[in-house]
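Trainee: only the shape, not the letters, is given here:
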């Protein structure tokens, strides 16, 4: 029998949220009318709306997909969705799942599994994205878009890009003061956990062991890999190459700062490419890319993000919801999301599409990066584990490579045992 403590912890916490918040809109409506409501973050390029409209047109009148937009911040997205799902809201049909929500939502009983449709939605899918849609051996979502980070830099200032974090910081420190910033998302939000997890995996460690079994899950964070990962964070955060806004910067913040023209280096998602092309043409003409930096002699393990499509356990029209979601995640629509929105596909063959190759000259590198990427641990307690990382390692300038690991290990253990109110 599975350990239900993560669900009990979540339900208890949500009682306080529900008492202080207005009633969930839409609980009284929804379902059964042929309108499939797709809850997903507000994708800025309009790609998701175009995909929904295309699938509506192709349905022959079977359904109409209504995009219900959520905030861009993943923590806020999760909170709003959890409130609806705890309330068993029938207005939720298809869910745009951040890849780290799969275990939590499946364990809580909020998703219908995709096992009867596995063959249709997994054919040709890259291994990393497929793993993020799977929990405890079952497929709980259809892989839709993936994501990872590359090292972006100004080609006129850097003849050869660095391959490790140490090389990156050392090279940046030799640049003129106005150009030396290395932009990283270091705010006390999910981006900090993403950064640390990738450093830790590159150093040969892991954040959680046996993540998909709540009864046996335990902290990883072996001493030496953890120390090496923390040393990278400390090295950059206390370097002259650290941007002054490091501790409050999100991925959108650093994208905009890089487009301003002064910084030379940035680790970020590929959406920066179409963004710079549209909004910063001078920077775009000087923009170059390279693999995500490694911690040491081992391979780099860049972040693995993206959106999977889940079907709510409380939808009144699950057959329509599954059919609509299959349409949404089809290769043609993944192509559209890649070209218009800068969102990497999960189907490998889409990277070879001539239009995708023309739009993204770094497509082969992106596919390789996703193949090498490090998923965050697939535990139902992931949200609390991530909060433990943020609480311990923020701001990055205060990280102590010799001591912070032990404090983090204890807090992760408490999060996995449902003993940490974070």
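Mentor: Yep, it's here. Being a predicted model, the structure only gives us computed values, none of them experimental. Numbers count the residues shown, from 1 in each chain.

Trainee: mind checking the SS state of residue 391?
Mentor: Here residue 391 is recorded as helix under DSSP: H, G, I helix; E, B strand; the rest coil.

Trainee: that one against residue 414, yeah?
Mentor: No - using C-beta atoms under 8 Å, residue 391 makes no contact with residue 414, being 10.9 Å away. (Glycine included, C-beta is placed from N, CA and C.)

Trainee: what is the neighbour count of residue 42?
Mentor: Counted with other C-beta atoms under 10 Å, residues neighbouring residue 42 total 12.

Trainee: the chain should start at 115 in everything you say after this.
Mentor: Done: numbering now begins at 115, and the last item shifts to residue 156.

Trainee: show me what contacts it?
Mentor: 183, 184, 185, 186 (C-beta atoms under 8 Å, 6 or more residues apart in numbering).

Trainee: correct me, but the third one touches residue 191?
Mentor: Yes - because the distance of 5.9 Å satisfies C-beta under 8 Å, residue 185 is recorded as touching residue 191.

Trainee: got any residues that touch both of those two?
Mentor: Residues touching both residue 185 and residue 191 by C-beta under 8 Å, 6+ apart: residue 155.

Trainee: so which of those two has more stuff around it?
Mentor: Between residue 185 and residue 191, residue 191 has the larger neighbour count (other C-beta under 10 Å), namely 22 against 12.

Trainee: please name the nearest non-neighbouring residue to that one.
Mentor: Take residue 191 and drop its neighbours on the chain: the residue closest to it by C-beta to C-beta, 6 or more residues apart in numbering is residue 184, 4.4 Å away.

Trainee: what about the one you found, how many residues nearby?
Mentor: Neighbour tally, residue 184, other C-beta under 10 Å: 19.

Trainee: how about the contacts of residue 156 in JSON lines, adding pLDDT, secondary structure and distance to residue 234?
Mentor: As requested, the contacts of residue 156 are exported to JSON lines (pLDDT from 0 to 100; DSSP: H, G, I helix; E, B strand; the rest coil; distance: C-beta to C-beta, whole Å):
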{"residue": "183", "pLDDT": "97", "secondary structure": "strand", "distance to residue 234": "27"}
{"residue": "184", "pLDDT": "97", "secondary structure": "strand", "distance to residue 234": "26"}
{"residue": "185", "pLDDT": "93", "secondary structure": "coil", "distance to residue 234": "31"}
{"residue": "186", "pLDDT": "86", "secondary structure": "coil", "distance to residue 234": "30"}
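
Trainee: distance to residue 247 for those residues - can I get that in a markdown table?
Mentor: Below are those laid out as a markdown table (distance: C-beta to C-beta, whole Å):
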| residue | distance to residue 247 |
| --- | --- |
| 183 | 22 |
| 184 | 19 |
| 185 | 23 |
| 186 | 22 |
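
Trainee: domain parsing for the chain?
Mentor: The record's domain parsing of the chain by automatic domain parsing lists 119-261+418-486, 264-416+495-530.

Trainee: mind telling me which of the ones you listed the model trusts least?
Mentor: Note on the domains of the chain: lowest mean pLDDT is at domain 119-261+418-486, with a mean of 89.

Trainee: what sits against residue 391?
Mentor: With C-beta under 8 Å, 6+ apart, residue 391 has these contacts: residue 398.

Trainee: just to be sure, it is in a helix?
Mentor: Yes - Residue 391: assigned to a helix according to three-state DSSP.

Trainee: what separation do you get for it and residue 475?
Mentor: To residue 475, residue 391 is 12 Å away according to C-beta to C-beta, to the nearest Å.

Trainee: cool, residue 189 as well?
Mentor: Distance from residue 189 to residue 475, counting by C-beta to C-beta: 33 Å.

Trainee: show me which of these two is the more surrounded one.
Mentor: residue 189 (14 against 10).

Trainee: measure stretch 148-163 end to end?
Mentor: 18 Å (C-alpha to C-alpha, to the nearest Å).

Trainee: from the chain's centroid, how far away is that stretch?
Mentor: For stretch 148-163, the separation from the chain centroid amounts to 17 Å (computed by C-alpha atoms, centre = their mean, to the nearest Å).
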